[in-house]
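Enquirer: below: sequence and its predicted model.
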Amino acid sequence: MLEEGKKAPAFTLPDVTGKMYSLKDFLGNKVVLYFYPKDMTPGCTKEACDFRDAFPDFEKSDAVIIGVSPDSPDRHKKFIGKYNLPFLLLSDESKKVLERYGVWKEKSMYGRKYMGVERTTIVIDEKGRIMKIFPKVKVKGHVDEVLKVLKG
């Protein structure tokens, strides 16, 4: 179970080019690690575009934005290209990191149960500790909530 104030779980995942990134690569920066269900879907597109539109504000806060979903690097590449996303999207096709962060959960839609990503954002400080957990994120207004945490 993740807890604010505790160290964020380590991970290593590929970007759209296959380059591997680890959480430790970003020590010294705040990290906005956002987990989302699927590229090109309405809610996920809105969330990504909201982060994109506020990107300069995150840069001013010395924060790196990283999106993680179970989509493939190729699908991420199309998503980034279509919406001109200026931040990293990492692929967790094995779902190991999603499980480690507790966001791979049983969900229900129209009475049907299935496994999927619960939209969650984790704000991590410069030393790799969890500053804030936003579980079950509602997209509208979420980016402003994250920026408030970064600005203290």
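Expert: Received it, and whenever you're ready, just let me know what you need. Residues are numbered from 1 along each chain as shown.
Enquirer: list the buried residues for the helix or strand bottoming out on mean pLDDT in the chain?
Expert: Ranked by mean pLDDT, DSSP states H and E, the weakest helix or strand in the chain is strand 104-109, scoring a mean of 91. Going by neighbour count (16 or more other CB atoms under 10 Å), the buried part of strand 104-109 is residue 104. (C-beta placed from N, C-alpha, C; glycine too.)
Enquirer: I'd like the distance from whichever helix or strand comes after it to the chain centre, please.
Expert: Note on strand 104-109: by DSSP states H and E, the next helix or strand toward the C-terminus is strand 112-117. How far strand 112-117 lies from its chain's middle: 19 Å, per CA atoms, centre = their mean, to the nearest Å.
Enquirer: try stretch 125-139
Expert: Centre-to-centre, stretch 125-139 and its host chain are 9 Å apart (CA atoms, centre = their mean).
Enquirer: kindly report the same for stretch 48-66.
Expert: Counting by CA atoms, centre = their mean, stretch 48-66 comes out at 12 Å from the chain centroid.
Enquirer: ok and the least confident helix or strand of the chain relative to strand 112-117, angle-wise?
Expert: In terms of direction (axes from the mean of the first three to the mean of the last three CA atoms, to 10 degrees), strand 104-109 departs from strand 112-117 by 140 degrees.
Enquirer: so which residues make contact with strand 104-109?
Expert: 95, 98, 113-118 (CB atoms under 8 Å, 6 or more residues apart in numbering).
Enquirer: tell me the one among those nearest to residue 68.
Expert: residue 98 (7.2 Å; CB to CB).
Enquirer: A helix includes the closest one, no?
Expert: Yes. The assignment for residue 98 (DSSP: H, G, I helix; E, B strand; the rest coil) places it in a helix.
Enquirer: chain neighbours aside, what residue packs nearest to it?
Expert: Spatial nearest neighbour of residue 98, excluding adjacent residues (CB to CB, 6 or more residues apart in numbering): residue 104 at 4.0 Å.
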